[in-house]
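**Q** Pasting a predicted model and its sequence here:
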Amino acid sequence: MKSRVSLTGSRRYSPELVYISLVIILNLCSVESSFNNNFEISWGTVRLLNNSQTVQLTMDKASGSGFQSINQYLFGSVSVGIKLVSGNSAGTVTSYYMSSEGSFHDELDFEFLGNLPGKPYVLQTNVFGSGVGNREQRFHLWFDPTMDFHNYSILWNHQQIVFWVDSTPIRVFKNNEAAGVPYLNRRPMKVISSLWNGEDWATDGGRVKTDWSKAPFVASYQSFEVDACSVSAQSSSPCANDWWDQSGFQSLNQHQLTRLDWVRKNYMTYDYCRDASRFPKPPTECALNP
């Protein structure tokens, strides 16, 4: 079955904004039941505010926190508005990702690495296919992500995976199975969010530690939407011919490619494809992705 979830009600967008659903979201009786029926708190202290329209993850020295979707999905679109930990966020990692289970798992990552006041957050993305990761790309953002909510989205279909910040694509991972590159097309994934202590590596390679006097740290979420094919353990039949498989979503248009190039030129701080110390020969997909 296809499952669509919104904490703020149904919305519609033009095809230009691929990062969000174009179709009707589940008609649920209330916002609160939408969250409670489709997500579960997985650990730590999670606060539900404003009739569950706002979800806050908290972290102190004892524990971080997280929540995840009840269902697993195979292809579609996920999006969430996040306002990141403000002030001294060094050592904190706010994660929003999709992941399957098992040792040969698939995973798509947004990881926001906190920093000292006055220094920018680092957004790290990663792609795991059949248990193989090490595909990090890192960016600074062109706005302060602690001042307001911004949408972070993933479009995932048979031909490509696109990471979006608001309406701007920042990364594309194409289906290059024909060239021997594992693609994420067999393992359904859950949508997961967490706030946790990554001081061993998150800020300046772990040289800057978490200042626990600033705890509790809080990351806030709104407008969480899933427009994707829900796959249960009892039914492995995937959805077919939905909007994300239409021709207009199989590649970026020229305007989107221009925006992607703008981000890479001005805000990318690390690309595994250019790291000759790790990969003397760039991985196969590096020459095939935009």
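**A** On my side now, so go ahead. Residues are numbered from 1 along each chain as shown.
**Q** for this protein, what spans make up the helices?
**A** 31-38, 254-266 (DSSP state H).
**Q** Show me the one of those helices that comes nearest Gly76.
**A** helix 31-38 (13.7 Å; C-beta to C-beta). Any C-beta I mention is one placed from the backbone N, CA and C, and that applies to glycine too.
**Q** Need the mean per-residue confidence for the closest one.
**A** Helix 31-38 shows a mean pLDDT of 58.
**Q** Then stretch 135-150?
**A** On average, stretch 135-150 scores 98.
**Q** what's it in contact with?
**A** With C-beta atoms under 8 Å, 6 or more residues apart in numbering as the contact definition, stretch 135-150 has outside contacts at 81-87, 89, 112, 120-128, 165-166, 170-171, 173, 220, 222-223, 263, 266-272, 283, 285.
**Q** what ranges do the strands span in the stretch 101-250 of the chain?
**A** Taking DSSP state E, counting those that start in this stretch, the strands of the stretch 101-250 of the chain run over residues 107-113, 122-128, 137-139, 150-156, 160-165, 168-174, 190-197, 217-230.
**Q** Make CSV out of those strands and add distance to Gln246 and mean neighbour count.
**A** Formatted as CSV, the strands of the stretch 101-250 of the chain follow (distance: least, C-beta to C-beta, whole Å; neighbours: other C-beta atoms under 10 Å):
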stretch, distance to Gln246, mean neighbour count
strand 107-113, 21, 21
strand 122-128, 23, 21
strand 137-139, 27, 20
strand 150-156, 12, 22
strand 160-165, 13, 23
strand 168-174, 17, 20
strand 190-197, 22, 22
strand 217-230, 13, 23
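**Q** Would you mind measuring from the closest residue to Leu288 other than its chain neighbours to Ala228?
**A** Leaving out its chain neighbours, the residue that sits closest to Leu288 by C-beta to C-beta, 6 or more residues apart in numbering is Asn176, at 4.9 Å. For Asn176, the distance to Ala228 equals 22 Å [C-beta to C-beta, to the nearest Å].
**Q** so who does the residue lying closest to Phe149 once chain neighbours are set aside touch?
**A** The shortest distance from Phe149 to any non-neighbouring residue, by C-beta to C-beta, 6+ apart, is to Gly81 (3.8 Å). By C-beta under 8 Å, 6+ apart, the contact list for Gly81 reads Phe149, His150, Asn151, Tyr152, Tyr221, Gln222, Ser223, Phe224.
**Q** Return the set of residues that bridge with the third one.
**A** Just to be clear, that refers to Asn151. Note on Asn151: beta-bridge partners Gly81, judged by DSSP bridges.
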